[in-house]
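Participant: need the 3D shape of this:
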Amino acid sequence: MRRLGALLALASLLAPPGLPRAQQPRVDGQRPAAPRQEPQREPRTVIRRAVDLVLVDVQVLDRAGQPVKGLKLEQFAVLEDEKAQKIETFDYYDIEAIETAARTDEKPVVVSLGTVAPPAEVRQMVRDRRMIVLFFDLTSMQTDELLRAADAARRYVREQMTLADLVGVVAFGNRLAVLANFTNDRALLERAIGRILPGKEQQLAQQAEAPAPAGEETVTEETGAAFTPDETEFNIFNTDRKLAALQGVAELLRSIPGKKAIMHFTGGITQTGAENRSQLRAATEAANRANVSLYTVDVRGLQASAPGGDAATGAAAGTAMFSGAAVFRQASARQDSRDTLATLASDTGGRSFFDLGDFREVFEKVQEDASGYYLLGYYSTNAQRDGRWRRLRVRVDQPGVRLRYRDGYYAPKDYGFFNTEDRERQLEEAMRSETPRVEFPVALETAQFRLSAGEIFVPLAAKIASRALEWAEKRGKREVEFDFAAEVREARTGATVAALRDTVKVRLEAERFQQVAQRAILYQGGVILGPGHYRLKFLARENETGRVGTFEQELDLPPRETNRLQVSSLLLSSQIEAAAKTGEVQTKAFAPAAKLKQSPLEVAGERIIPSVTRVFTTQQRLYVLFQAYLPEKGDPARLRAGLVFFRNGEKASETPLVEPAEFDAKTRTAAFRLTLPLERLATGRYTVQAVVIESGGQHVAFARNYFALRPPASPSTAPGSAIAPEN
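Facilitator: Presented below is the predicted three-dimensional model:
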């Protein structure tokens, strides 16, 4: 992956100095009418309040283990950390009503995981239904274990599934795949389970290592699952993937009302310590928010491990594998892989199942736990969003009953309580999410300039309004810190081909802050790509509050055609700044920078700042930058270019044809940099077209862009000068 080192600038609307060696064509057009004064608007105050409804499903059983129906809201009391809570919502899900009903010929029920159907419609479809997801973690099971789990699932569908059961099938291998949505269609479910085939994902299952006694050398099979110092990072990632998959399924179920159960068939999940705790808690939080209970099933079953491991494990040399330490280590590794499963189950009100040869009991327990329950909802009196564990206690004014419910939940967590892992996880989730994040607005402008036949430079310019930021005041200065990230994926395969990541801190003196407080902050970076079709996702996070804004865009980069003249993007700007270091901006890059001898946006120590919004005023100058790529038989001495301006579909003005500002004979690239005043153009929306021709030859090419022209800004909004970072 390749990226270009980033920079940050504060956008300015003042007329900047001229660009070195830029052509100065004349623009003919009428002067605009006197600017119209717009009425001033009072700033709006927006009040936001976060409200989190806590849902607790409570099973009330009599002495015979049968659900107790007919209880009233007044008979229940919910305590959170021993403080009474007011129950706001109350409902009973009568699973037995459908389970014991006579069989009918009604159509099969299908409810999509992650449904966007109206809530009332979904509630009616799942009313009094038991909802179970069969989740197969293909990355942790050996072939025989997967076959055992799939066979047990098929037997459940054929023999144990009731009329009240809605079952879904999800598999996690290279990606998370929904094989069947919630349905009571047995034939459809059997086909979905049949699609789970053993594959290469099972090679990630755990392997054991036998330590050698003194004087002997330990030899182990080299696998990507061994927890050795050299591969710790791999295993942290692998464990996080498993936990993130569970989190993803829980989030899919959040929009479906009622209690849901996920039966997690796995060969174990081993944590490496604190590194995976953040993702473990994220999975638990997602399950509790969605009212999901996790039932973790260790598919390895009851077995005695041979010294050194079974046939699936590479054996050690010598007598090391027969030592007591080796056997103890095998047993310890097995137990470690179960600890996480027990935590997931206990923290979500589910159960964990180990050492079972027959999984029939597992399905019976899941059905029993959802045989009829009361769903209580309340808004916590604890307003602290600190991410701490909150213990729950439910009481019922009914003698002779016993209750079953989850013990507690993790409170929502504000950004101020995030640790490093939490912050990284937030960025990862925002980058992977298909839902845009608009907690503060981000506008992005891209372009493309060819470096060679197989390399194209794509500059990225993102604009953020300063007034939308939370500037911290420290020691008389104002500070704001950002994380910027971009990821480019190949559109067809989804493979990541380029990425960048920067943390940028801006620190301004009080007077300087007043100059830029009403302006926009402009981030500049770039990536180098080959020809192809891509999907770009850009993300910005303001690190005082943790708010995130994202922007997505398609990138279509055509290949170089050696027999015809081609033109780059038409880049528009009103600002030129010195490419000098400044102490106001500090940048920390987290990805290796691609080195460019000469960026197309930099000339003679100055850089052009792209206009992201492409809105200009009549008091500014317009800077236009583009390149032309001449074919082998073309004559660079005859190359000329000019601009044509269209307004309301009609040609409003044009510039004379000019020679290139410079020409690179090696890449046969001609650079054109034009600057012209906008005061002679009428206000409105324009299309600007660059026309490049080979005078007296056969080659011609065009490029277009768009901009809006408005009256001058009022004096009260006069900006300060730009800030450049230390690169």
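
Participant: all helices for the stretch 451-600 of the chain, in order.
Facilitator: With DSSP state H, counting those that start in this stretch, the ranges of helices along the stretch 451-600 of the chain come out as 510-516.

Participant: ok, now the stretch 251-400 of the chain?
Facilitator: In the stretch 251-400 of the chain, the helices defined using DSSP H, counting those that start in this stretch lie at 277-289, 324-346, 360-369.

Participant: indicate which one of these is closest to Ala637.
Facilitator: Smallest distance to Ala637 across the helices of the stretch 251-400 of the chain (CB to CB): 61.9 Å, for helix 277-289. For the C-beta atoms, the positions are set from N, CA and C on the backbone; glycine is no exception.

Participant: ok, and what's touching that closest one?
Facilitator: Applying CB atoms under 8 Å, 6 or more residues apart in numbering, the external contacts of helix 277-289 come out as 239-240, 243-244, 246-247, 250-251, 254, 262, 271, 292-294, 340, 343-344, 347-348, 387, 406, 409-410, 419, 421-422, 425.

Participant: hang on, the earlier thing: and the helices of the stretch 251-400 of the chain: which comes nearest Gln620?
Facilitator: helix 277-289 (47.5 Å).

Participant: buried ones in that closest one?
Facilitator: Ser278, Gln279, Leu280, Arg281, Ala282, Ala283, Thr284, Glu285, Ala286, Ala287, Asn288, Arg289 (16 or more other CB atoms under 10 Å).

Participant: repeat that for stretch 54-66.
Facilitator: Within stretch 54-66, the residues scored as buried using 16+ other CB under 10 Å are Val54, Leu55, Val56, Asp57, Val58, Gln59, Val60, Leu61.

Participant: just put those in a markdown table and tack on secondary structure, pLDDT and distance to Ala690.
Facilitator: A markdown table is the format used below for those (DSSP: H, G, I helix; E, B strand; the rest coil; pLDDT from 0 to 100; distance: CB to CB, whole Å):
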| residue | secondary structure | pLDDT | distance to Ala690 |
| --- | --- | --- | --- |
| Val54 | strand | 89 | 59 |
| Leu55 | strand | 88 | 59 |
| Val56 | strand | 91 | 64 |
| Asp57 | strand | 90 | 64 |
| Val58 | strand | 92 | 69 |
| Gln59 | strand | 91 | 71 |
| Val60 | strand | 93 | 75 |
| Leu61 | strand | 91 | 77 |
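
Participant: mind putting those residues into CSV with distance to Arg127?
Facilitator: Shown next, in CSV, are the buried residues of stretch 54-66 (distance: CB to CB, whole Å):
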residue, distance to Arg127
Val54, 22
Leu55, 16
Val56, 19
Asp57, 15
Val58, 18
Gln59, 18
Val60, 19
Leu61, 22
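
Participant: assign Leu178 to helix, strand or coil.
Facilitator: Rather than Leu, residue 178 is Val. Assigned by DSSP: H, G, I helix; E, B strand; the rest coil, the conformation of Val178 is strand.

Participant: bridge partners for it, pull those for me.
Facilitator: Val170 (DSSP bridges).

Participant: quick one: residues contacting it.
Facilitator: So Val178 contacts Leu113, Gly114, Gly168, Val169, Val170, Leu252 (CB under 8 Å, 6+ apart).

Participant: of those residues, which is the nearest to Val700?
Facilitator: Gly114 (50.8 Å).

Participant: so what's the closest one up against?
Facilitator: Contacts of Gly114 by CB under 8 Å, 6+ apart are Val178, Glu251, Leu252, Leu253, Ser255.
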